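**Q** One predicted model, sequence on top.
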Amino acid sequence: MDDIKVNQNPKLGSLDRPNSYIGRSLPRENAKKHLDGGGQFVDDLTLPRMVHVAFLRSPFAHAEIKSIKTNEAKKSDGVVDVFTAKEIDEVCKPWIGTLGHLGEMRSPEQTPLAKKIARWQGEPVAVVIADSRAQAEDALELIEVDWAEKEAQVDMETALDSNAVVIHPELGNNLFWTRTVNQGDVEKAFKEADAVVETTLDFARHTGVTLESRGIVADWNKAENKMTIYHNGQAPHMMQHIIAKHLDLNEGLVRIVSRDVGGSFGIKVHVYPDEMAVTAISKKIERPVKFIADRLESFTTDIHARCHKISGKLGVDKNGKILAMEIDDLSGIGPFSMYPRTSAIETNQVLNLSGAPYVIPNYKAIGTVVFQNKTPMCQYRAVGHPIAVAITEALIDKAAYKIDMDIDQIRKINFIPDNAYPNKCPSGVPLEDLSHEASMDKLLEIMDIKEIEAQKEEDFKKGLLTGHGVISMCEVTNPSPLFYGVGGAHISSQDGASIRLEGSGAIHLSSSITEQGQGTEAIMKQIAADQLGVKMESVRVTLGDTDATPYGGGTWASRGAGIGGEAVLKAARKLKDNILNIAAAIMQADKDALDIEDNNVIRKNGGEGISLQKLAETVYYRGHELPKGTNAELLATASFLIEGIPFVFTNSAMGCQISIDQDTGIIKINKFWAVEDCGTQINPKLVEEQIRGGVIQGIGGALFEECVYDDQGNMQNATMADYLVPMAYEMPDIIVDHVTTNSGRSIIGAKGAGEAGTGGAPAVIMNAVNNALKQVNAEVVSQPITPEKILKALGKI
Amino acid sequence: MAANNSVNISFTVNGERFNNVNVPSRQHLADYLRSQGFTGTHLGCEQGACGACTIEMDGKAVRSCLVLASQANGTNLKTVEGFDDEMMEKVKQNFLKHNAFQCGFCSPGMLMTTKEILLNKKKLTRDEIRSEISGNYCRCTGYQSIVDAIEECINEIN
């Protein structure tokens, strides 16, 4: 197995090996269409006889639906029909959001539209089908629902109390799932510790706020018995299975097309009741049906994330060596566990990943996940990481302060050494090919802590509270079948690539990985062109169509480059081998004396070659000229799957410096640094942009974003003007650097890079804020860290 | 019902004439433009907060979700599909070079805001560029690459 050659110089120069694209920061030429207004998003699609829907959604967090009258609505202008659960359930079977491999999960059946009881504000209850969305919305006002509002269980902290409102009486209480990890003997270790520190942190609910909202066009073709779904999702083959299963269709006759997707971040990888209703409606009325969520629908029905309260305890000896860590995490997931990935995974990752960079011989973790009457919660970018990293890193800072040790020093002495892999997280999850020591060294090198310390003192004299933090973390990437498949979910861990040389000499590549703006298409092209020896512009790529691409999992959990990229590499090498065999036959040459450069088969020792176009023309149009028995296969396919470990981890070290205005409580991020080790970078610029975008989403969670609810379960800020997202003015420039430790699981050696930023930024921001507040003996323990919380911590309000 | 009222108007989009067309009186301009195939104009929030639908109306940037289609009567509109002059081609090249977009959904609005910045012909600091684009939401990039691209445009043009 030949290793790949990664190019140290990110720009291709005239002296470089031709077609050496892996490792270069090449622009995404394929994406220019977006700058010309030529993207193809779901809402851009119009089909003949297409109708639109609007959902009547529960205005209450918890209410009985005593009756629904739809007669007046049906008479409204442009209305085709109005359905409730009764009609939709005739076509679509219910689902249950549980998996089998993580212990008992209890979640009830869920249907596209609520029957009898609505359990969150925003849950769909009825649907109007009309010629236009505006007409459908007009008719919504004519539907009469006799509601009987019920008391809502809003607060997760009282969800298991004996007097709690039980959301699903058949389950007896509001417990969805619980897990305990117990490694070593924490009680004994805490007794032996010289210093023990504790804290409890709160993480508000926030959500993905993809700029393009969720959308779907379902097109049932009765004549072909075929369902075509245009969907802005992340996992087309998963959706193909689920739609076939619940609508009782032939899975091979369900086609999912995901063209351009306007951001996803995990939000668009789940099965949503309204989208299932849309497919059911198309089947029922035999017309194309479009649903595009408006922003209010996005805020109240896109999955939310976080919503954790976690207590932690850390014991260290007098030299700062960690002896034990204990955490207890509570999370509220709304009234249903999401399908099919479940809403247990965030808590599961909190338990898996807390303490992951460090040697912690004794570790105990309890996770409790409860139901509540709020929007369902599920996996969003950096699932569980922000909580795991923030609790770990907050405790480590506290321990450092207590024993008067530098915050970087305490980390360094506790890291799992870079030369001690393979190793394990404190939870027992296997780790390999990581570099916390080298990454922290690199971070400290680019940060200049001495200068930062000096500025802190200077600022303090001026009344400005300045502080800094550093953190280390592991990021889950490239999951194996042990993530979902083992638990019974039909979510592929294996991805495929198919590559062919066409009669024109062009290369066509298709992959089961999807694109939501990360640069999937660009890196696939880079890998294919590099490995084949052709110019980038001669490769075109097809993604996001179950009828046109190989089978596979799609894009989530930072798996595109590491898994999908490896499949492309393998397929391209196979095709190259085939081409050289054919060329050897045509050119009467030894195959080993041939190579491909710039779309030509060349003789390594000089002499006349043959262009790929000529070779392809010979194969396709004049195959009779080939020597008898030549295997003229110009289509190659390959698949790849991570085996033997649950995940391939990436590691990251981050630092930041912030200042707090004591009068307003406003936090300014002065500087932010991130060092990432994601192995081979196929396109370093795209990796850096993943890190930056991720960090900004992490900053959003740390400082701004919160789905605010009142006591009755009404979301209070479900507009983009009220829900604060990071905008350009508040955000810092982010300095990104790298350490490179390739994954030994693949030839390409790439790990994922999409989520560390979001996973680590909340921890490092919080540590920096508390580093600043420590100067006045104050502390914050709740995210988002709003100006109000700062002013309260300072005793000003 | 008011929903059925329409208004007869004339205007141009990217130089193309729309003479005496009937638009629903309650329809906003972004919905109308999209219904005519100008799907490069994107809707993110429909309340003027996200900036994705920003287009040019008589040389000024407007949120097309906050303008009624009927208000376009007598105006010249330009959408992202019409950003093809020399300056905007340069802007696009810089956006591409710096990867100043990922999913591309915010880009039409971001390009319009960039155009307005450049037409003002002022030399701006990075902080000032950040302030200028703070009405355009981008969830993917973290903004730095957009600031880089606009900074390069300003340096080239001034």
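**A** Happy to help now that I have it.
**Q** Quick check: residues of the stretch 1-150 of chain A near chain B?
**A** A:27-29, A:31-39, A:41, A:43-44, A:77, A:134-135, A:138 (CB under 8 Å from any CB of the partner chain). From N, CA and C alone the C-beta is placed, and that goes for glycine too.
**Q** Mind checking which of those are in helices?
**A** Among the residues of the stretch 1-150 of chain A next to chain B, the members found in helices (DSSP state H) are A:134-135, A:138.
**Q** so can I have a markdown table of these showing neighbour count?
**A** Shown next, in a markdown table, are those (neighbours: other CB atoms under 10 Å in any protein chain shown):
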| residue | neighbour count |
| --- | --- |
| A:Ala134 | 18 |
| A:Gln135 | 21 |
| A:Asp138 | 21 |
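**Q** residues in contact with A:Glu633?
**A** By CB atoms under 8 Å, 6 or more residues apart in numbering or on different chains, the residues touching A:Glu633 are A:Asn578.
**Q** Report the separation between it and A:Ile256.
**A** Distance check for A:Glu633 against A:Ile256: by CB to CB, to the nearest Å, it reads 29 Å.
**Q** again, but for B:Gly51
**A** 31 Å.
**Q** ok, now A:Phe83?
**A** Looking at A:Phe83 against A:Ile256, where the rule is CB to CB, the gap reads 23 Å.
**Q** Neighbour count: the two, which is higher?
**A** Between A:Phe83 and A:Ile256, counted using other CB atoms under 10 Å in any protein chain shown, the more crowded position is A:Ile256 (26 against 23).
**Q** mind listing what A:Ala567 touches?
**A** Residues A:495-497, A:511-512, A:550, A:552, A:638-640 are the ones in contact with A:Ala567 under the rule CB under 8 Å, 6+ apart.
**Q** of those, closest to chain B?
**A** Checking the contacts of A:Ala567 against chain B with CB to the nearest CB, the nearest one is A:Ser511 at 18.1 Å.
**Q** does the closest one have beta-bridge partners, and which?
**A** A:Ala497 (DSSP bridges).
**Q** pLDDT score assigned to it?
**A** Here the pLDDT value assigned to A:Ser511 is 98.
**Q** now the closest residue to B:Val147 other than its chain neighbours, what's its secondary structure?
**A** Nearest residue to B:Val147, sequence neighbours excluded (CB to CB, 6 or more residues apart in numbering or on different chains): B:Ile129, at 5.1 Å. At B:Ile129 the chain is in helix, as set by DSSP: H, G, I helix; E, B strand; the rest coil.
**Q** B:Ile129: neighbour count?
**A** Neighbours of B:Ile129 under the rule other CB under 10 Å: 23.
**Q** Now do the buried residues in the longest helix along chain A.
**A** The single longest helix within chain A, with elements called by DSSP H, is helix A:565-587. Taking 16 or more other CB atoms under 10 Å in any protein chain shown as the neighbour-count basis, helix A:565-587 is seen to contain the buried residues A:565-576, A:578-587.
**Q** Output it as CSV, nothing but the C-alphas.
**A** Once non-C-alpha atoms are left out, helix A:565-587 reads as follows in CSV (Å, rounded to 0.1, in the frame of the first residue of the first chain):
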residue,chain,number,x,y,z
GLY,A,565,-12.2,10.6,0.7
GLU,A,566,-10.5,7.2,1.3
ALA,A,567,-13.1,5.5,-1.0
VAL,A,568,-12.4,8.0,-3.7
LEU,A,569,-8.6,7.4,-3.3
LYS,A,570,-9.1,3.7,-3.6
ALA,A,571,-11.4,3.9,-6.6
ALA,A,572,-9.0,6.4,-8.4
ARG,A,573,-6.1,4.1,-7.8
LYS,A,574,-8.1,1.1,-9.2
LEU,A,575,-9.0,3.1,-12.3
LYS,A,576,-5.5,4.2,-12.8
ASP,A,577,-4.3,0.6,-12.6
ASN,A,578,-6.9,-0.4,-15.2
ILE,A,579,-5.9,2.5,-17.5
LEU,A,580,-2.3,1.6,-17.3
ASN,A,581,-3.1,-2.1,-18.1
ILE,A,582,-5.0,-1.0,-21.2
ALA,A,583,-2.3,1.5,-22.2
ALA,A,584,0.4,-1.2,-21.8
ALA,A,585,-1.5,-3.3,-24.2
ILE,A,586,-2.0,-0.5,-26.7
MET,A,587,1.5,0.9,-26.4
